[in-house]
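1. here are the coordinates; sequence isn't available:
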């Protein structure tokens, strides 16, 4: 297997309903991950990029969260409508999608 250009992690942390931190799964990350899988398949991105579901990325209050490495870019409140722009602008063109950044207090993405 070749080293992927970028690796996308989708938080799928699940906590009981009513937990004070909430969880990305409770905010739709399971469907988000499936939509990412479908987009990777449709655009034939497997191999060039990697996609992995993962546990907690930290800022549960801003979920669903998506992390892209090796860039170290965290995206917050990601919805299925954001997948196309993440793929087109960040994965393929190398330009992070700043409107999806969490606040600097939560995750200091590079400007």
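-> Nice, I can see it. Fair warning: this is a prediction, and the values are worked out from it, not measured in the lab.
2. now the helices for this structure?
-> Secondary structure of the chain (DSSP state H): helices located at 29-43, 83-85.
3. Check which residues of the first one are buried.
-> What it means is helix 29-43. 29-30, 32-33, 35-36, 39-40 (16 or more other Cβ atoms under 10 Å). In this view, the C-beta of every residue, glycine as well, is placed from N, C-alpha and C.
4. Centre-most residue in the protein?
-> residue 66 (1.8 Å; Cα atoms, centre = their mean).
5. correct me, but that residue touches residue 74?
-> Yes. Shown here, residue 66 and residue 74 form a contact pair, counting by Cβ atoms under 8 Å, at 7.4 Å.
6. could the buried residues of helix 29-43 go into JSON lines alongside pLDDT and distance to residue 87?
-> Below are those laid out as JSON lines (pLDDT from 0 to 100; distance: Cβ to Cβ, whole Å):
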{"residue": "29", "pLDDT": "97", "distance to residue 87": "17"}
{"residue": "30", "pLDDT": "96", "distance to residue 87": "19"}
{"residue": "32", "pLDDT": "98", "distance to residue 87": "13"}
{"residue": "33", "pLDDT": "98", "distance to residue 87": "14"}
{"residue": "35", "pLDDT": "98", "distance to residue 87": "11"}
{"residue": "36", "pLDDT": "98", "distance to residue 87": "8"}
{"residue": "39", "pLDDT": "98", "distance to residue 87": "6"}
{"residue": "40", "pLDDT": "98", "distance to residue 87": "8"}
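7. of all those, which comes closest to residue 95?
-> If you rank the buried residues of helix 29-43 by distance to residue 95 using Cβ to Cβ, residue 39 comes first, at 17.6 Å.
8. How about the contacts made by that closest one?
-> 45, 83-84, 87 (Cβ atoms under 8 Å, 6 or more residues apart in numbering).
9. Mind doing that once more with 10 Å?
-> By Cβ atoms under 10 Å, 6 or more residues apart in numbering, the contact set of residue 39 is 45, 51, 80, 83-84, 86-87, 91.
10. Can you show me the strands along this protein?
-> Taking DSSP state E as the test, the strands found in the chain are 6-11, 49-54, 66-69, 73-75.
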